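[1] this one's sequence-less:
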């Protein structure tokens, strides 16, 4: 990730731009609320080797047993 131009795009609201804003949006130094597990399903690599991406399924498992597990997809 580029430390100045990297972006984290949430479901709602404006994106966080830059590593400090992304760190803050991800919770900063707060304890982890659970585990994020992901399973790549496919990968793509540019012929030049300068860009690559994977996509697949993701699952959030909360530490709190009363919490809800969430599932989705990622790129």
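    Sure thing, it's come through. Everything numeric here is computed off the predicted structure, so don't read it as measured data.

[2] Now do the contacts for the nearest residue to residue 69 once chain neighbours are set aside.
    Of all residues not flanking residue 69 in the chain, residue 61 sits nearest, at 5.5 Å (C-beta to C-beta, 6 or more residues apart in numbering). From N, CA and C alone the C-beta is placed, and that goes for glycine too. Contacts for residue 61 (C-beta atoms under 8 Å, 6 or more residues apart in numbering) come out as 34-35, 37, 69.

[3] Pipe these into TSV and attach distance to residue 20 and pLDDT per row.
    Output for the contacts of residue 61, formatted as TSV (distance: C-beta to C-beta, whole Å; pLDDT from 0 to 100):
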residue	distance to residue 20	pLDDT
34	23	95
35	24	95
37	26	96
69	30	96
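
[4] which among those residues gets closest to residue 75?
    Ranked by distance to residue 75 (C-beta to C-beta), the contacts of residue 61 are led by residue 37 at 16.3 Å.

[5] Am I right that the closest one is in a strand?
    Yes - counting by DSSP: H, G, I helix; E, B strand; the rest coil, residue 37 is found in a strand.

[6] what about it, distance to residue 74?
    For residue 37, the distance to residue 74 equals 11 Å [C-beta to C-beta, to the nearest Å].

[7] Could you do residue 58 as well?
    For residue 58 relative to residue 74 (C-beta to C-beta), the value is 5 Å.

[8] Also residue 20?
    From residue 20 over to residue 74 (counting by C-beta to C-beta), the distance is 23 Å.

[9] Check residue 11 too.
    Distance of residue 11 to residue 74, computed by C-beta to C-beta: 13 Å.

[10] Specify which residue of these two has the higher count of neighbours.
    residue 74 (14 against 5; other C-beta atoms under 10 Å).

[11] Give the bridge partners for the more buried one, please.
    Counting by DSSP bridges, residue 74 is bridged to residue 56.

[12] which ones are touching it?
    Going by C-beta under 8 Å, 6+ apart, the list of residues near residue 74 reads 38, 55-58.

[13] Dump these to TSV, plus neighbour count and distance to residue 49.
    Formatted as TSV, the contacts of residue 74 follow (neighbours: other C-beta atoms under 10 Å; distance: C-beta to C-beta, whole Å):
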residue	neighbour count	distance to residue 49
38	15	23
55	14	19
56	13	21
57	13	26
58	14	26
